[in-house]
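Enquirer: predicted coordinates and the sequence they were generated for:
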Amino acid sequence: MLREYKTVAEVAGPLMLVENVEGVTYQELTEIELPGGEMRRGQVLEVSGDTALVQVFEGASGINIHRAKVRFLGKGIELPVSRDILGRVFDGMGRPRDQGPNIIPEKRLDINGYPINPYARDYPSEFIQTGVSAIDGMNTMVRGQKLPIFSGAGLPHSRLAAQIARQAKVLGTEEKFAVVFAAMGITFEESEYFISDFRRTGAIERAVIFINLADDPAIERIATPRLALTAAEYLAFEQEMHVLVILTDLTNYAEALREISAARKEVPGRRGYPGYLYTDLSSIYERAGRIKGRKGSITQLPILTMPEDDKTHPIPDLTGYITEGQIIISRDLHRKGIYPPIDVLPSLSRLKDKGIGEGKTREDHADTMNQLYAAYARGKEAKELAAILGEAALTDIDKRFSQFSDEFEYRYVAQGEEQDRTIEETLDLGWELFKLLPRAELKRIRDEYLEKYLTSAGED
Amino acid sequence: MEIGRIIRVSGPLVVAENMPEARMYDMVRVSEAGLLGEIIEVRGDRASIQVYEETAGLGPGEPVYNTGLPLSVELGPGLIEAIFDGVQRPLDVVWKKAGDYITRGVEAEALDRERRWEFVPRVKEGDVVQAGDILGTVQETKPVEHRIMVPPDIAEGKVVEIFQGEATVVDTVARLETKEGIVELSMMQKWPVRKGRPYKEKLGPYVPLITGQRILDTLFPVAKGGTACIPGPFGSGKTVTQHQLAKWADAEIVVYIGCGERGNEMTDVLMEFPELLDPQTDEPLMKRTVLIANTSNMPVAAREASVYTGITIAEYFRDMGYSVALMADSTSRWAEALREISGRLEEMPGEEGYPAYLGSRVAEFYERAGRTICLGSEERDGALTVVGAVSPPGGDLSEPVTQATLRVVKVFWSLDAALAYRRHFPAINWLLSYSLYQENVDPYFREMLGEKWIEMRREAMRILQEEAELEEIVRLVGIDALSPRERLVLETAKSIREDFLHQNSFHDVDTYTSIEKQFRMMELILNFHRAALKVVEKGELDLDLDKLFVLPVRERIARAKYVAEEDLAELDDIDEEIKVQMGALSGEGGEEVA
């Protein structure tokens, strides 16, 4: 029996207080019926005695406290899943948005999921080739990793994410692959960019898309990434697919969370974000990974725009504490016309060591990565020095490093949006750049590799 | 006992009424699903409960059962090599029962009730024993002898029966005649986690915990029984440093608490530790390790409990007379759990929303470390070292958790984002870090390595300090303004940084450096420095310092870190080469002067 109440006592912001209720449980899904027949959905945030505090996903505008009817559905928010979700577009609450039929569910899954037992996890170690040198060569991604893109307003993070979605593959395997895309509060144009790109490349056939646009209800965004990850878990761990989840933009998500928190008059943490922002974000990010004995995997590529490009802002900061590294997009490189403008130095993939080397990429990968990193860092330092004291103050060797860093940016980092470099091409490109430096300076590379690759590259 | 009724549910906090018997920190079972919770506030007959499991689906009217007991851990054979969650449920058992995800209401006993252990008695019938005395032992793993002790709450008793042979943790292994009558003892004791285990006396710490990490052992040692903290922004290497300590520290038992951190990191430990060998015992590291894993997405209240669960287990091994090292990664997540619960209780916040009692909770936790004379008649000496990672938001050390921690810990290993950015690992800043145990442990080092060690360390620090000052000058007016001696100091400082302090935790040899090798490595660098200084002061080379800096022996000094522990004689050879090459240079320089 569904219980229906007309006892809304208070509506404030996205929150609604319902009185004289019975048997309501925490996190229960609710339906709110407005006089015109419009239905909205909500979720119980708190129950206290006979009052329930409900967050309304579609916002509270137009709700009249005397006329609205509230039903408590006796369950949490669920996502109906079946294999047919592939190729479909849903809204931020999981309803079809593409004029297609409703999903005939094989089962319904609670969107909050459960934490993976650390004992059941399998350590991610399979190299994913994205075709982007700055990632494959320098910040290698592996299956089951959560690697966010830290970007800023006006930077081409979407293009990069779409390129990764297009090109990502694990070498030597023909396994089932899917993309789950969740848009939170992004513009129609941005979202359309992704969808048309998926259509163009045929990727849409193996994609599940959840869209909450900038003008869709903000509170709905709280549910969107969870719906997407529930779909991903179903595809990965029940349908044995390797799933790449793109979540954009987490900054909008965190703002929706802040809105709720402010409406509840909670004590704010940094910059007004709730104290539980870390815990809340981790309940999203930690849903990436691999499970022992199961074939599929979930790799996450969350995108967030850093307010004022500030890495210490709570959203990128807390994200960095949870995710396994970060890809940082640089405004300076973007201004120089370099695409993808990945700033290699502060970027990091924490799991790269497990995914590279012989049998995975190539034996020389670790050494050349360290050498490229060190040489680029030294070149950048030399350039900074030159900016203060003038080019003339540089020693000859510093001048060569400075030139190396330019070449590195323009040849290694920069590449075409449609250019899909194999890992061999990326590694060979590194060797090509090493020719700019005296051999004695290549201290981080083992002699055997110098013999093998530096000369062979030279002979070409 | 009265059955309580839920009246409010808000996240991990549940308020129940009709709980007149409620006592602070009693354990309760919430709803028919039996979710584990703990009473954290009592008002009239209302109790506020933090629930250690997901509360979705709970509502007013559901029952709350008070167990009348505080949150306790089970202590006995079976702890080593285990991985527990924040409330001591073994995750392997949970996995067998519930599958790959941690669902709700899974009950799992901390210690295996079926497994049989070989109990070897140490006392005989008629012996009079007191709290802390060892009744017998169990060889739990090859390196760890588990000592079964008389629980602290039994003051004295006479052994009327003692068992020998295989038994489970719940079988009676001894019967004591006490003032209160006959007491049956099994190999398992229980202890409430929020209460420190008693000891006879606390002692000052004087022995360094050798970690095999050069910057830590040489410059900022922590003493066995001491406390240290590692604050640092993300990506600066807190977790790698903690893992290195867990791997190589010369403690007999290691308790590692993954508190609100990444799931994959715990998996990493679980996969790696059984493979790595402890340099002290040559046995897999896992055979001395207890893991507590409460990852960031597991219930927040259990995260709060996890550090207490971990430290109580650590104290128990300390009581056996072991040197125990506890790593908590990260204490900031624990403090955040406190903040979240405090917020739900609508307490008046202190700084940044943290409860006003944050400082005292942090202090209480670290104060459970120490070197102690354990209970028992034999005056055993145990030590518990606590190392806590701190994750300051934005790397800002002025935030409340870092500040509360710095007020109590004696060693500060300051992770520096700029160093990490330059890929200098461990990214511990040598100018900001400190150890207040230096004087305590100096006598130990003096005895082991001689007075020279202490002088060398001071000299190295002086050079690093001078480097920082000289760099200021270089930045302003360029390197040409420096005298040859100053340029040499810069060069030696660079050598100390790159050839000594920099340590690659992923390199088979470099990951661990014995204290002898640390001594020899530092000696090489400083011998070179002194020899070079002589050359420079004679003024022989003032035009061409580079000749000094490119001597081939410098390459060998730089590679000394990769010399295996068995081949330390090779370092003598390098030392010899310094003299030869320096002599040649000196000779050459001399001729030029002539």
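Expert: Yep, it's here.
Enquirer: from here on, just use CA atoms for contacts and neighbour counts.
Expert: Fine.
Enquirer: surely B:Gly204 and B:Ala369 touch.
Expert: No. Counting by Cα atoms under 8 Å, B:Gly204 sits too far from B:Ala369 to count as a contact (11.1 Å).
Enquirer: looking at these two, which is more packed in?
Expert: Per other Cα atoms under 10 Å in any protein chain shown, whichever of B:Gly204 and B:Ala369 has more neighbours is B:Ala369, with 26 against 14.
Enquirer: neighbours of the residue nearest to that one when sequence neighbours are not counted, how many?
Expert: Excluding the flanking residues, the one nearest B:Ala369 by Cα to Cα, 6 or more residues apart in numbering or on different chains is B:Leu384, at 5.0 Å. If you count neighbours by other Cα under 10 Å, B:Leu384 ends up with 32.
Enquirer: and if you look at B:Leu476?
Expert: Here the number of neighbours of B:Leu476 (other Cα under 10 Å) works out to 12.
Enquirer: pLDDT on whatever helix or strand it lives in, on average?
Expert: Using DSSP states H and E, B:Leu476 falls within helix B:451-477. Summarised as a single mean, pLDDT over helix B:451-477 is 92.
Enquirer: now the residue nearest to A:Phe188 when sequence neighbours are not counted, which residues is it bridged with?
Expert: Once flanking residues are discounted, A:Phe188 sits nearest to A:Leu213: 6.2 Å by Cα to Cα, 6+ apart. Note on A:Leu213: beta-bridge partners by DSSP bridges are A:Ile186.
Enquirer: so who does A:Leu213 touch?
Expert: A:Ala183, A:Met184, A:Gly185, A:Ile186, A:Thr187, A:Phe188, A:Ser191 (Cα atoms under 8 Å, 6 or more residues apart in numbering or on different chains).
Enquirer: burial count for the third one?
Expert: The one in question is A:Gly185. Close neighbours of A:Gly185, defined as other Cα under 10 Å, add up to 27.
Enquirer: thought A:Glu220 was touching it, still the case?
Expert: No. Using Cα under 8 Å, A:Gly185 is not in contact with A:Glu220; the gap is 9.5 Å.
Enquirer: mind listing the shared neighbours of those two?
Expert: A:Asn212.
Enquirer: around chain B, pick out the residues from the stretch 351-460 of chain A.
Expert: Taking Cα under 8 Å from any Cα of the partner chain as the criterion, the stretch 351-460 of chain A approaches chain B at residues A:Ala374, A:Ala377.
Enquirer: in the stretch 351-460 of chain A, which residue sits nearest chain B?
Expert: A:Ala377 (7.3 Å; Cα to the nearest Cα).
Enquirer: where in the chain is pLDDT low?
Expert: You didn't say which chain, so I picked chain A. With pLDDT under 70 as the threshold, chain A has low-confidence stretches at A:1, A:456-460.
Enquirer: sorry, should have said chain B
Expert: Along chain B, the model assigns pLDDT under 70 to residues B:1, B:540-543, B:587-594.
Enquirer: now with 50?
Expert: Residues of chain B that meet the criterion pLDDT under 50 lie in B:589-594.
Enquirer: what's the burial count for residue 121?
Expert: Reading this off chain A. Neighbours around A:Arg121, by other Cα under 10 Å: 23.
Enquirer: hmm, I had chain B in mind actually
Expert: 19.
Enquirer: repeat for A:Asn212
Expert: Neighbour number of A:Asn212 under other Cα under 10 Å is 27.
Enquirer: cool, and B:Val207?
Expert: Neighbours of B:Val207 under the rule other Cα under 10 Å: 21.
Enquirer: so what's the backbone phi/psi at residue 123?
Expert: By default, I'm working from chain A. Dihedral angles phi and psi of A:Tyr123 (degrees, to the nearest 10) take the values phi -70, psi 130.
Enquirer: switch to chain B, that's the one I care about
Expert: The phi/psi pair for B:Val123 (degrees, to the nearest 10) reads phi -110, psi 170.
Enquirer: from chain A, how far off is it?
Expert: 39 Å (Cα to the nearest Cα, to the nearest Å).
Enquirer: got the domain ranges for chain A?
Expert: Domain segmentation of chain A under automatic domain parsing yields A:3-72, A:78-354, A:365-456.
Enquirer: quick one: closest of those to B:Tyr256.
Expert: Comparing those against B:Tyr256 with Cα to Cα, the closest turns out to be domain A:78-354 (14.1 Å).
Enquirer: hmm, back to that, out of the contacts of A:Leu213, what pair is the most spread apart?
Expert: Going by Cα to Cα, the pair spanning the contacts of A:Leu213 furthest: A:Met184 and A:Phe188, at 10.8 Å.
Enquirer: of those two, which one has the most company?
Expert: Per other Cα under 10 Å, whichever of A:Met184 and A:Phe188 has more neighbours is A:Met184, with 29 against 14.
Enquirer: OK, contacts around that one?
Expert: A:92, A:211-214, A:221, A:224-225, A:247-250, A:252-253.
Enquirer: sorry, back to before: mind giving me the packing neighbours of the helix holding B:Leu476?
Expert: Where contact means 3 or more Cα pairs under 8 Å, 6 or more residues apart in numbering or on different chains; DSSP states H and E, helix B:451-477 is packed against helix B:438-449, helix B:484-495, helix B:515-537.
Enquirer: okay, the angle between the longest one and helix B:451-477?
Expert: Angle between the axes of helix B:515-537 and helix B:451-477 is 50 degrees (criterion: axes from the mean of the first three to the mean of the last three Cα atoms, to 10 degrees).
Enquirer: the residue in the stretch 451-594 of chain B that chain A sits nearest to: neighbour count?
Expert: Nearest residue of the stretch 451-594 of chain B to chain A: B:Gly478, at 8.2 Å (Cα to the nearest Cα). When counting by other Cα under 10 Å, one arrives at 14 neighbours for B:Gly478.
Enquirer: likewise for B:Pro233?
Expert: B:Pro233 has 24 nearby residues by other Cα under 10 Å.
Enquirer: could you do A:Gln239 as well?
Expert: Residues near A:Gln239, counting by other Cα under 10 Å: 16.
Enquirer: where do the helices sit along the stretch 301-450 of chain A?
Expert: Using DSSP state H, counting those that start in this stretch, the helices of the stretch 301-450 of chain A run over A:314-322, A:331-335, A:352-355, A:365-389, A:396-407, A:423-434, A:447-449.
Enquirer: quick revisit: tell me, what's touching A:Met184 and A:Phe188 both at once?
Expert: By Cα under 8 Å, 6+ apart, the residues touching both A:Met184 and A:Phe188 are A:Leu213, A:Ala214.
Enquirer: pretty sure B:Leu71 sits against B:Val28.
Expert: No. Contact criterion Cα under 8 Å: B:Leu71 and B:Val28 do not qualify, at 9.1 Å.
Enquirer: shared neighbours of those two, anything?
Expert: Listed as contacting both B:Leu71 and B:Val28 by Cα under 8 Å, 6+ apart are B:Glu38.
Enquirer: can you pull the contacts of the residue nearest the centre of chain B?
Expert: Closest to where the C-alpha atoms of chain B average out (Cα atoms, centre = their mean) is B:Met327, at 2.5 Å. Taking Cα under 8 Å, 6+ apart, we find B:Met327 in contact with B:Gln242, B:Ala246, B:Val254, B:Val255, B:Tyr256, B:Ile257, B:Val386, B:Val387, B:Gly388, B:Ala389.
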